[in-house]
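Asker: A structural model of the following input is requested.
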Amino acid sequence: MKQSQGLNSRIKVIIVVIILLCAGAICVYNTWVYYLNRASDRAIRLAESAAAFLSNDQISVLEATPDDFEKPEYQHIKDSLVKFKELNGDIYFAYLYTQKDDKIYFMVDSEAPGSEGYSPPGQEYPEATQTDKQPFIDGKSVITKPAADRWGIWVSALVPIKDQNTGKVIAVFGIDYSAKQWYWETIKYTLYTAAIVISILLLILVLCLIMVVNKKQGPGGNEQKTKGKRGTFQNSI
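Answerer: Just a heads-up that it's a prediction; the model follows:
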């Protein structure tokens, strides 16, 4: 009977541990998704805010060719992108690109001419994925999955720039984040939350173990053992 009760107690403890582990795993996963979505929303809002300050009239003058370099509109937009990048230190690149014959070409970027990451106007971007082209199709902002190109591995926020008269997408404004840094920030917040969750779950587990031990001993258990010892002592006398 005692063995059966002990076995039942162990099974209950195991069940509690499994439930707590599942609850902890679900909580950590949901935390990861929450912070990832929050980072994506923040990046989209930032990109959309910056795109709203770019002049459609100036963008429409650009043709994504080397000749754009001599146009004042090009230099004005470039200065804006350079300042935007300086104000947002976690951004690696800010740029405008357009699509011609299903190919992607850079219009303006935030890099100094001659630098390693500089893309002159009219430079083709052969690494472009379908996601890079999607804003031209549906006119919606998008966060890309990590994608590699000649400069690194990036998570990008892409915002369509539409002609105010026709509503046609004439360019896409993009900002690039280092994929490593993007996910590390999310992991950091998730680990912090996970530490709190694990602490709470361990506390619950300890309380459950205490309840199981107390229930196993029963009320007055120590007192009954003492009485038993006294009776044995008296009989021996």
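
Asker: give me the next element, helix or strand, following the helix or strand hosting residue 107.
Answerer: Per DSSP states H and E: residue 107 is located in strand 103-109. Downstream of strand 103-109, the first helix or strand assigned by DSSP H and E is helix 130-138.

Asker: tell me which residue lies nearest the centroid of the chain.
Answerer: Note on the chain: the residue nearest the mean C-alpha position is residue 36, at 2.3 Å, using Cα atoms, centre = their mean.

Asker: just the pLDDT at that one, thanks.
Answerer: On pLDDT, residue 36 comes in at 89.

Asker: dump the residue contacts of it.
Answerer: For residue 36, the contacting residues are residue 186, by Cβ atoms under 8 Å, 6 or more residues apart in numbering. Placement of C-beta: from N, CA and C, glycine included.

Asker: that one and residue 145, how far apart?
Answerer: Residue 36 is 11 Å from residue 145, where distance means Cβ to Cβ, to the nearest Å.

Asker: likewise residue 97?
Answerer: Distance from residue 97 to residue 145, by Cβ to Cβ: 18 Å.

Asker: more neighbours, the two?
Answerer: residue 97 (25 against 9; other Cβ atoms under 10 Å).

Asker: who touches stretch 72-83?
Answerer: By Cβ under 8 Å, 6+ apart, stretch 72-83 touches 53-55, 58-59, 61-62, 68, 94-96, 108-110, 112, 121.

Asker: which of these ranks first by neighbour count?
Answerer: That'd be residue 108 among those, by other Cβ under 10 Å, with 31 neighbours.

Asker: which pLDDT does the model give that residue?
Answerer: 97.

Asker: for it, give me its contacts.
Answerer: 62, 68, 74, 77, 78, 81, 95, 96, 121.

Asker: from those residues, which is closest to residue 176?
Answerer: Distance to residue 176 across the contacts of residue 108 (Cβ to Cβ) is lowest for residue 95, with 8.0 Å.
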